[in-house]
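S.K.: Make a model of this:
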Amino acid sequence: MAHTTRWGIMATGGIANTFVKDLLLDPKARNASDVNHKVVAVASSSSKDKADQFISSLNIPLPCTAYASYKELVSDPNIDVVYVATPHSHHYQNVMLALEAGKNVLCEKAFTVNAAQAKILVETAKKKNLFLMEAVWTRYFPISVQIRDVIRSGEIGEVLRTVADTSFGDDVENVWGTKHRMVNPDLAGGCLLDLGIYSLTWVFQTLYHTLPKDQRKPPTVVSQVTPYHLTGADESTTILLNFPTSTPGNEKPPQHSHGVAMTNIRVSGDPDEKGTTGANIRIQGTKGEIQVFGHPFRPLRYRVIPKKGLGEVRDVEGEFPAGGHGMYWEADEVARCLRDGKLESEGMTWEESIVIMEVMDEVRRQGGLVYPQTIESTKYPLEL
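M.R.: A predicted model of the protein is given here:
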C-alpha cells in the first residue's frame, strides 16, 4: 500500500503554488506507486481569506484547513510535514516555529541567511528527532541523478572542473526597483541566495556529492560581488571554488578540482531564450564532458561527449510526467524518508546544506554583503 504524507503549506506565494500543483498530480504518472500526497492545511501570514483563495484556486481536495497564521498551521495535529515557502530571510524563524511545534520540515532554498542559522536548525531537528530538508528540488530530477551516476561510473574520467551559470538579464531598475524580494536587503535579496544557489548546486553535486562521504572536503573560495547601486544587494556574483579532491576516484597524487559558479540579474545565460548559447553547465573530466541544457534549476536534457576515440556522443532528454514542473520528485523523497523513519535525505544532507551556506557566508564576507541584523540573527523567537 502507498504511504500517504499529509502536507501543511506555509505561505501562499508563487513557489507554494507551483509546489502544490505538483503535489496534486497522480504519483503513478511518474512511476511513484509507493507514495501519495495530501494537502491538509494552508496558512497565510496576512489573512485566512488569502489561504482560502489559495485552496480554492488550486482545487485542493477538501477537507483542507485555511489558517490566518503560521502558528495555527504548525499546531494542526493532522500535518505530517510543513513545506516552508516564505522568503529565505524568514526561513530561520519559520522553520524553528515548526520544529518547536514538533513538525517535520521541507524548507525552500536558500536554507537560511547564514550558516550559523542552518546549524541551529539542524541541531534542533536532531534533538527533537524530526525530519528536516532543504528543498533543492533540482537534486531529485532523474536527469540530476543520472548525471551523478555517469560521473561515479568513471565514464568521463576524473572530473576536474564544473562551470555553471544561472543568470537572468533584466532591466533591473525598472523591473525590480528597490522593494522586490530579488533586490531587497530586508528579504535577503540579491542573486547569490536566490539564483547562485543553483550554480553552487551543480558544482557541489558533481564535485563533492559524487565522492564517498568520508572523502568530501569543503572548498576554498575566491569571489567577486557587484552590488546593485540602489539597494546594495548583489546583482552579479562569480565564485571560484577549489576542492582539494577530485571525483570519482580522488586519485593519488591528489587532484584538485575547480568549480566556477556564476549568477547575474543584469546579463543572461540564455539571452534569446532559445538555447542558442548552448549549455549553461559544463562538467569536464579527463575522458570527456557532460553538458547540461535548459535553466540550471530545471534542466531539460544533457549530452555526454567522450574524448576522441573513446565512444559516441549521446543526448538524453528529460521528461516531466503529467505536465508537472518537477517539484514532485523532492516531495516523493520527503515522503519516503518519513515512511522509512529517516531524519535527513541522502540527496541533500544536513552537512552539505551547511557547507554550501558556509561558502555563501564567505562570498558575502569577501564582497561586503551584509543584511539587516534581524534577519542575520540566531535569536528565536524574533519578530521580523
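
S.K.: residue boundaries of the strands in the stretch 51-200 of the chain?
M.R.: 65-67, 81-84, 104-108, 132-135, 159-167 (DSSP state E, counting those that start in this stretch).

S.K.: neighbours around residue 236, how many?
M.R.: The local packing count at residue 236 equals 21, with neighbours defined by other C-beta atoms under 10 Å. In this view, the C-beta of every residue, glycine as well, is placed from N, C-alpha and C.

S.K.: And the pLDDT for it?
M.R.: In the predicted model, residue 236 carries a pLDDT score of 98.

S.K.: you'd agree residue 63 is up against residue 39?
M.R.: No. Under the contact definition of C-beta atoms under 8 Å, residue 63 does not touch residue 39, with a separation of 10.3 Å.

S.K.: So if I had to pick from these two, which one is more boxed in?
M.R.: Remark: of residue 63 and residue 39, residue 39 carries more neighbours, 21 against 9, as counted by other C-beta under 10 Å.

S.K.: Please spell out which residues along stretch 40-48 are buried.
M.R.: The neighbour-count criterion (16 or more other C-beta atoms under 10 Å) identifies 40, 41, 42, 43, 44, 45, 48 as the buried residues of stretch 40-48.

S.K.: out of those residues, who's nearest residue 297?
M.R.: residue 42 (24.1 Å; C-beta to C-beta).

S.K.: The closest one should be in a strand, yeah?
M.R.: Yes. Remark: residue 42 belongs to a strand, assigned using DSSP: H, G, I helix; E, B strand; the rest coil.

S.K.: I'd say it and residue 58 touch.
M.R.: No. Taking contact to mean C-beta under 8 Å, the distance of 9.0 Å between residue 42 and residue 58 leaves them out of contact.

S.K.: got any residues that touch both of these two?
M.R.: The overlap between the contact sets of residue 42 and residue 58 (C-beta atoms under 8 Å, 6 or more residues apart in numbering) is empty.

S.K.: Not counting its neighbours along the chain, what's nearest residue 312?
M.R.: With sequence-adjacent residues excluded and distances taken as C-beta to C-beta, 6 or more residues apart in numbering, residue 312 is closest to residue 306, at 7.1 Å.

S.K.: which SS class is the residue of the chain positioned farthest from its centre?
M.R.: Within the chain, residue 309 marks the point farthest from the mean C-alpha position, 37.2 Å out by C-alpha atoms, centre = their mean. Taken by three-state DSSP, the conformation at residue 309 corresponds to coil.

S.K.: Could I get the contacting residues of it?
M.R.: Residue 309 sits in contact with no residue, where contact means C-beta under 8 Å, 6+ apart.

S.K.: quick one: contacts for the residue most central in space within the chain?
M.R.: Per C-alpha atoms, centre = their mean, the C-alpha nearest to the average position across the chain is that of residue 136, at 2.3 Å. Contacts of residue 136 were listed using C-beta under 8 Å, 6+ apart, and they are 109, 197, 201, 330, 348.
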